[in-house]
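Engineer: Model the structure of this input:
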Amino acid sequence: MVVIRREDGTTLIDRHALAQLTRRSIHTIRLRCTVVERDLGGRALYDAAASIALLDRIPTRTRVRAA
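Structural biologist: Modelled structure (predicted):
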């Protein structure tokens, strides 16, 4: 898990950590959220506050359990 706190107060978070926090799929995050920058290993980093606000506006799919 990668979390970076910048001097300007923004928090950058990697896709996997964002998926765990929001309980959204990595695929949804990759499709909807904008990559702000990349870490030294090339992993995408997202603005945590902006991404969470964006994902909160998108409804989740309701799944029906098979009997």
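Engineer: neighbours around T22, how many?
Structural biologist: The number of residues packed around T22, counting by other C-beta atoms under 10 Å, is 18. In short, each C-beta sits where N, CA and C put it, glycine included.
Engineer: got it, and V35?
Structural biologist: 14.
Engineer: Please spell out which residues along the strand or helix carrying L31 are buried.
Structural biologist: Using DSSP states H and E, the element containing L31 is helix 26-32. Across helix 26-32, burial judged by 16 or more other C-beta atoms under 10 Å covers 28-29.
Engineer: helices and strands of the protein: which one has the lowest mean pLDDT?
Structural biologist: strand 3-5 (a mean of 85; mean pLDDT, DSSP states H and E).
Engineer: Quick check: longest helix in the chain by residues?
Structural biologist: helix 48-57 (DSSP state H).
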